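Q: pasting the sequence and the predicted coordinates here, then a few questions.
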Amino acid sequence: GAGVSQSPRYKVAKRGQDVALRCDPISGHVSLFWYQQALGQGPEFLTYFQNEAQLDKSGLPSDRFFAERPEGSVSTLKIQRTQQEDSAVYLCASAGTSYNEQFFGPGTRLTVL
Amino acid sequence: GDSVTQMEGPVTLSEEAFLTINCTYTATGYPSLFWYVQYPGEGLQLLLKATKADDKGSNKGFEATYRKETTSFHLEKGSVQVSDSAVYFCALSDRGDDKIIFGKGTRLHILP
């Protein structure tokens, strides 16, 4: 595909469940970013990969959040024991190299009941 | 830490009106500045950017000038259209730090 894709587009989870959100970046893009966008707010940085290396995870809000990109392409954001405050849209972005334009996916809207 | 402050919305204008959305920033280094747009039902798209002081970014009739002396990057358009209705985010990325820091967004409604 031409752009960044994310799946699922919508996810409803009961409090305490684990969820996994997938991001397929643009083919060949080295950099991959995850952001969290709460309702009515701007996106907030979670974590950054360059190829398979996670270079910055300073934005992950707790140790319940975990991200991986084992082969330097597809990435998964996992949230364990979901809480209501985790409800948000999770955005993935990829870029060709550092300092290049980030291209955003459509996001996954997570609702925790 | 670095931050972006933009005018709160919603902003409602009539078609062909002049648009200004104010944005100021705080950064320790020399950031690149961006405006992103989110149309209804679509993902975030880069609208324009400027990478150094006095640079002017422009796209689709929108313009913004990087003002280091006032730490501002205001978005302007001379004549808005209904199709410009969207949420606009001012953002920055500090040199050496790839993450983007976003403002809270300004929702724009254009009435026909």
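A: Nice, I can see it.

Q: residue A:46 is in contact with residue B:100, correct?
A: No. Contact criterion CB atoms under 8 Å: residue B:100 and residue A:46 do not qualify, at 11.7 Å. Yep, even glycine has a C-beta here, placed from its N, CA and C like the rest.

Q: tell me which of those two has more neighbours.
A: A direct count of neighbours by other CB atoms under 10 Å in any protein chain shown for residue B:100 and residue A:46 places residue B:100 higher, at 26 against 22.

Q: still on that earlier bit, any residues in contact with both of residue B:100 and residue A:46?
A: Listed as contacting both residue B:100 and residue A:46 by CB atoms under 8 Å, 6 or more residues apart in numbering or on different chains are A:33, A:35.

Q: element containing residue A:46?
A: Residue A:46 is part of strand A:44-50, with elements assigned from DSSP states H and E.

Q: that strand near chain B at all?
A: Yes. Using CB under 8 Å from any CB of the partner chain, strand A:44-50 comes into contact with chain B via A:44, A:45, A:48.

Q: equivalent analysis for stretch A:29-36, please.
A: Yes. Using CB under 8 Å from any CB, we find that stretch A:29-36 touches chain B at A:31, A:33, A:35.

Q: now that stretch - C-alpha only, PDB.
A: This file holds the C-alpha atoms of stretch A:29-36, laid out as PDB (Å, rounded to 0.1, in the frame of the first residue of the first chain):
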ATOM      1  CA  HIS A  29      10.800   3.700   6.000                       C
ATOM      2  CA  VAL A  30      13.500   3.500   8.700                       C
ATOM      3  CA  SER A  31      11.800   5.500  11.400                       C
ATOM      4  CA  LEU A  32       8.600   4.600  13.200                       C
ATOM      5  CA  PHE A  33       6.800   6.600  15.800                       C
ATOM      6  CA  TRP A  34       3.800   5.900  18.100                       C
ATOM      7  CA  TYR A  35       1.600   8.700  19.500                       C
ATOM      8  CA  GLN A  36      -1.400   8.800  21.800                       C
END
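
Q: and the closest residue to chain B within chain A, which of the three is it?
A: Taking CB to the nearest CB, chain B has its nearest neighbour within chain A at residue A:42, 3.3 Å off. Per DSSP: H, G, I helix; E, B strand; the rest coil, the secondary structure class of residue A:42 is coil.

Q: surely it and residue B:106 touch.
A: No. Contact criterion CB under 8 Å: residue A:42 and residue B:106 do not qualify, at 10.0 Å.

Q: which residues touch the residue of chain B found nearest chain A?
A: Proximity of chain B to chain A (CB to the nearest CB) peaks at residue B:102, 3.3 Å away. Residues in contact with residue B:102 (CB under 8 Å, 6+ apart) are A:42, A:43, A:44, B:4, B:36, B:89, B:90, B:91.

Q: quick one, phi psi at residue B:83?
A: Dihedral angles phi and psi of residue B:83 (degrees, to the nearest 10) take the values phi -70, psi -10.

Q: and the one 4 residues further on, by the same measure?
A: When quoted as degrees, to the nearest 10, the phi and psi of residue B:87 stand at phi -110, psi 130.
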